[in-house]
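**Student:** Provided below are the primary sequence and the corresponding predicted coordinates.
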Amino acid sequence: MSASPARRPTDHIVIWPDERLDAVTQVIRAAEHRLLLSIFKCNEPRILEELGLARGRGVEIEAILTARASGRRRKLRRLRKKLDRLGVVVHEPRDPEAKYHAKYVVADSRVALIASLNFTRKCFRRSCDFLLSTSDSDLVSGVQRLFDYDARHQTAPVMDDLMNDGSSRLIVSPDGARERIRELLTSARERIAIIDPKLTDVEMITLLRQKLARGVQVEVLGHDNVGRFSSHGKLLIVDDRVAVIGSLSLSPSGLDERRELAALVTDPEPLAELTQFFRMAAQHVPPPLPEVHAAFC
C-alpha cells in the first residue's frame with residue numbers, strides 16, 4: 001500500500017525585514033478578482049503601485065482605513081485621496097471612535113496575510129515584526145468574514161458565528177480576545193515567551209507573575225530593541241506548542257477597545273521558526289516584568 005501524501009503546509013511565517021515587502025506584494029499580485037485590505041498606515045510606494053496595477057487588471061479592491069489615529073488626521077486624509085485615485089473602495093470602520101488597528105490582506109478567498117506590521121518603510125526595513133501568510137481555508141474565510149462584518153456593518157450573528165467557532169484560529173479584539181489570551185496563559189506549564197512593546201495590562205501582568213511564581217519560565221522582550229530591530233511586532237509563545245502573532249498587544253486598549261486581529265500558529269515548522277527567533281533575540285538579558293501596583297493585584 002502506498003504511503004499517503006504528506007500534507008501540504010498552509011502557513012508561511014515571515015520574520016526578516018528583507019522578506020516582508022515581497023510577501024505582501026506577492027499576495028496583491030496573486031489576486032485575480034477581489035482584494036481586501038485593512039490599512040492603518042501606508043507610506044511604502046511599492047504597495048500603492050501594486051494596488052494600481054491590480055486595479056489595472058480588473059481586480060476589485062476594498063479597504064478599511066482607520067478613522068482615527070493619534071496625530072495622523074492629515075496623513076490619513078492624504079492616504080484616502082491616493083486610494084480613491086487608484087480606484088480602491090474605502091470603507092469606514094464599524095466604530096469610527098475606535099482605532100481600526102488590525103493588519104490583514106485577503107486575495108480571492110484563497111490566501112490571507114495576518115500581520116503586526118504597517119505598510120510603512122520602517123516596518124518593511126527596520127522593525128521587529130511578524131507576518132503570517134496562510135491558505136488555510138477556515139482562516140482565510142474567517143478574515144474575509146471579519147472584513148465584510150466591519151466594512152458593511154453587518155448584523156451581530158456574523159461575528160457571533162465567528163467567535164463561537166471553537167476551532168477558530170483567529171483571535172479578534174475586542175470580541176473575546178481577553179478571554180482567549182487568558183486561557184492560553186493559564187494553560188502554560190513550562191514556558192511563556194512574549195515580544196510586546198505595549199505589555200501594560202494589569203490582569204495579564206498579574207497572571208504572568210503568578211505563572212512565574214509557580215515555576216513557569218516567563219521571558220518578556222518589551223520596549224527595548226529586539227536585537228538590531230526596533231520593537232513593534234507582537235508575539236506570544238506558550239510551551240513551544242502554540243504561538244500567537246498579529247496586531248494584538250497585551251494592553252487595555254489592545255484587548256478591550258481597538259479592532260485587532262491575531263492568529264494561532266501550531267504547525268511545527270512555522271512554530272519552530274518563531275521559537276528560534278525568540279531564543280536568538282532573548283540572548284540579550286530581557287527586562288523584568290512591568291511592576292504591578294498592589295492595589296490592582
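**Tutor:** Cool, the structure landed. Given the structure is predicted, the values throughout are model-derived calculations rather than measurements. Residues are numbered from 1 along each chain as shown.
**Student:** going by C-alpha atoms from here, please, whenever you check contacts or count neighbours.
**Tutor:** Will do.
**Student:** what's opposite the residue nearest the centre of the chain in the beta bridge?
**Tutor:** Centroid-nearest residue in the chain, with CA atoms, centre = their mean: residue 246, separated by 1.8 Å. Judged by DSSP bridges, the bridge partners of residue 246 are residue 234, residue 262.
**Student:** ok, it to residue 21 distance?
**Tutor:** Separation of residue 246 from residue 21 (CA to CA, to the nearest Å) stands at 16 Å.
**Student:** name the nearest residue to residue 240, ignoring sequence neighbours.
**Tutor:** Among residues not flanking residue 240 along the chain, residue 275 sits closest, at 6.7 Å (CA to CA, 6 or more residues apart in numbering).
**Student:** do residue 153 as well
**Tutor:** residue 94 (5.7 Å).
**Student:** for that neighbour, the count of nearby residues, please.
**Tutor:** A total of 18 residues lie near residue 94 under the criterion other CA atoms under 10 Å.
**Student:** check which helix or strand covers it.
**Tutor:** Assigned by DSSP states H and E, residue 94 falls within no helix or strand.
**Student:** partner strands of the host helix or strand of residue 220 and their direction?
**Tutor:** Element membership of residue 220, judged by DSSP H and E, is strand 217-221. Here strand 217-221 has these sheet partners by DSSP bridges: strand 191-195 (parallel).
**Student:** ok, then the element right after the partner strand?
**Tutor:** Next helix or strand after strand 191-195 toward the C-terminus (DSSP H and E): helix 202-213.
**Student:** starting at the chain centroid, how far to that next one?
**Tutor:** Offset of helix 202-213 from its chain centre (CA atoms, centre = their mean, to the nearest Å): 23 Å.
**Student:** on that earlier part again, these two touch, right, the residue nearest to the centre of the chain and residue 235?
**Tutor:** Yes - the criterion here is CA atoms under 8 Å, and residue 246 meets it with residue 235 at 7.5 Å.
**Student:** list residues touching both of the two?
**Tutor:** residue 130 (CA atoms under 8 Å, 6 or more residues apart in numbering).
**Student:** all the helices of the stretch 51-200 of the chain, residue numbers only.
**Tutor:** Remark: helices assigned in the stretch 51-200 of the chain by DSSP state H, counting those that start in this stretch are 73-86, 121-125, 137-151, 156-163, 177-187.
**Student:** of these, which is nearest residue 223?
**Tutor:** Closest to residue 223 of those is helix 121-125 (CA to CA; 15.8 Å).
**Student:** what residues sit buried inside the closest one?
**Tutor:** Buried residues in helix 121-125, defined by neighbour count with 16 or more other CA atoms under 10 Å: 123-125.
**Student:** could you do stretch 124-143 as well?
**Tutor:** Going by 16+ other CA under 10 Å, stretch 124-143 has these buried residues: 124-136, 139-143.
**Student:** helix, strand, or coil at the residue nearest to residue 240?
**Tutor:** helix (DSSP: H, G, I helix; E, B strand; the rest coil).
**Student:** from residue 191, how far off is it?
**Tutor:** Applying CA to CA to residue 275 and residue 191 gives a distance of 11 Å.
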